[in-house]
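>>> I would like to see how this sequence folds:
(4 chains)
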There are 2 protein chains.
Amino acid sequence: MSAAKSEEPTLLEGIEPASVRALMAAGIECFADKGFNATTTRDISARAGFSPAAVYVHFPSKADLLFATSRLGHESALKVLEEAPGDEEDPAHRIELMVAAFAAWHARNNRLARVVQYEGRALPAKHRAEINTVKERFQRCIESELEAGIAAGQLTAPDVPGTALAILSLCIDVARWYSPSRDRSPEQVGALYSELMLRMVGATPA
Amino acid sequence: MSAAKSEEPTLLEGIEPASVRALMAAGIECFADKGFNATTTRDISARAGFSPAAVYVHFPSKADLLFATSRLGHESALKVLEEAPGDEEDPAHRIELMVAAFAAWHARNNRLARVVQYEGRALPAKHRAEINTVKERFQRCIESELEAGIAAGQLTAPDVPGTALAILSLCIDVARWYSPSRDRSPEQVGALYSELMLRMVGATPA
DNA sequence: GTCTATAACCAGATAGAC
DNA sequence: GTCTATCTGGTTATAGAC
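Below is the predicted model of the structure:
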């Protein structure tokens, strides 16, 4: 656990005050590295440059800090998925843009994405339920695009819910293996994955 | 955490003595449910039907119990991947069998698979290194099948290492979302995923 | 808002009886 | 080999000074 150089560049930008932003950035790094339960409040405070008690000035508990970061991550990922197609109308092109953006998000924000995907267990039931309502929207997002593409005769899928799940799953698992130093750029991952996805739904472009 | 009904049916069969088998089964359930760090040695012992100190009779530490289960899982998954094609020689059919088996393994053994994929961080460096040597073989396995299929003119891929990684990733992420009560059977997951994979590499069968 | 100091608790691991 | 009892260290969270 070295110094706190790598703050999440864009996602935390709007968070105020700066001490909360620093604590959230530190929490993301620590939770991604070691998991929620192996991270101590001292780890987080130290990485953010504060004394051991600092977490409790801004959050009621360590779990509330996790909730804040987890919600931020879910909302950001959902926003990316929903806004990716813009005003594009062609169904195959829409889903191509969505997958490229969603996969790239999981690469670019892979630390936060790991927290989002793998640390949800540690949330208290009430907070986990709130997070789960967001999760359901991801699946519906992809399914409706697939259905539109199939209706338009552009795509084929052996099983729409299963294929939608597989597409999401493929993008989400980027968070598990992606390493910014070792792998392709987030944009390259997005480009490769959207191409593989198009092949998967029978819409090979070139 | 309810009673210890659901032992891993086949994988732990050969483990002796029975107390070690029970501890490993309990460890898999607990680690999969709550993660390594949130699981206490008391959780494991209680679930296996022993007193709080039982773990230490058979394992030097909680981390050694994790290592034993993690190694068992990696070896089992690798064996499934390597042995799936049998004496089949057609490259497209070989990779189809491999993906069907590997995806189904992650569904069937989804608790153990979660431990294998998400709890490796908690292993001490030496044990993690041993596990990583196994992990590398998965990627090579898929890559060489892709290359054979491309050489035979049966498959196409925009990027062999990237496509191999995506195929593995797709199968591995089954462990994250699969629930035996809610989802398709492991065999159905394998069938769907091998079909999606064949489309992805340009070998649509029907 | 941040610090130092500490309370209260809990978990990994061990000792020694049976 | 399993148990009960316990040691020891570390963790969350709080109190109260500055």
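>>> how far is stretch A:70-78 from where the chain is centred?
Its chain's C-alpha centre and that of stretch A:70-78 lie 6 Å apart, by Cα atoms, centre = their mean, to the nearest Å.
>>> element containing the residue of chain A most remote from its centre?
Most distant from the centre of chain A: A:G153, at 30.9 Å, with distances by Cα atoms, centre = their mean. For A:G153, there is no host helix or strand (DSSP states H and E).
>>> A:A101 now?
helix A:91-108.
>>> likewise A:E88?
Going by DSSP H and E, A:E88 is not part of any helix or strand.
>>> skipping its backbone neighbours, what lies nearest it in space?
Excluding its sequence neighbours, the residue lying closest to A:E88 (Cβ to Cβ, 6 or more residues apart in numbering or on different chains) is A:R94, at 5.1 Å. C-beta coordinates here come from the backbone N, C-alpha and C atoms, glycine included.
>>> go ahead and confirm that neighbour touches A:E82.
No. With contact defined as Cβ atoms under 8 Å, A:R94 and A:E82 do not form a contacting pair (11.2 Å).
>>> between these two, who's got more neighbours?
A:R94 (18 against 13; other Cβ atoms under 10 Å in any protein chain shown).
>>> where does A:G202 fall, helix, sheet strand or coil?
Here A:G202 is recorded as coil under DSSP: H, G, I helix; E, B strand; the rest coil.
>>> where does it land on pLDDT?
Per-residue pLDDT puts A:G202 at 96.
>>> wait, it sits on A:L155?
Yes. Counting by Cβ under 8 Å, A:G202 does reach A:L155; the two are 5.8 Å apart.
>>> near chain B, anything from stretch A:98-110?
No. Using Cβ under 8 Å from any Cβ of the partner chain, stretch A:98-110 stays clear of chain B, with a minimum separation of 9.6 Å.
>>> got a list of contacts for that stretch?
A:8, A:11, A:32, A:73, A:76-77, A:80-81, A:84-85, A:113, A:141-142, A:145, A:167-168, A:170-172, A:174-175, A:178-180, A:183-187, A:189-191, A:193-194, A:197 (Cβ atoms under 8 Å, 6 or more residues apart in numbering or on different chains).
>>> could I get the buried residue list for stretch A:144-159?
A:145-146, A:148-150, A:154-155, A:157 (16 or more other Cβ atoms under 10 Å in any protein chain shown).
>>> ok, the residues you listed vs chain B, which is closest?
Ranked by distance to chain B (Cβ to the nearest Cβ), these are led by A:A157 at 8.7 Å.
>>> could you list every residue that touches the spatially closest residue to that closest one that is not a sequence neighbour?
Once flanking residues are discounted, A:A157 sits nearest to A:T163: 4.2 Å by Cβ to Cβ, 6+ apart. Each residue near A:T163 by Cβ under 8 Å, 6+ apart is listed here: A:146, A:157, A:200-201, B:192, B:196.
>>> separation between A:T163 and A:P17?
45 Å (Cβ to Cβ, to the nearest Å).
>>> go on, A:S144?
39 Å.
>>> next, the buried residues of the helix or strand containing A:I44.
If you go by DSSP H and E, A:I44 is part of helix A:41-48. When burial is assessed from 16+ other Cβ under 10 Å, helix A:41-48 yields the following buried residues: A:41, A:43-48.
>>> what packs against the lengthiest helix in chain A?
Longest helix of chain A, by residue count under DSSP state H: helix A:125-151. Helices and strands touching helix A:125-151, by 3 or more Cβ pairs under 8 Å, 6 or more residues apart in numbering or on different chains; DSSP states H and E, are helix A:62-83, helix A:91-108, helix A:160-172.
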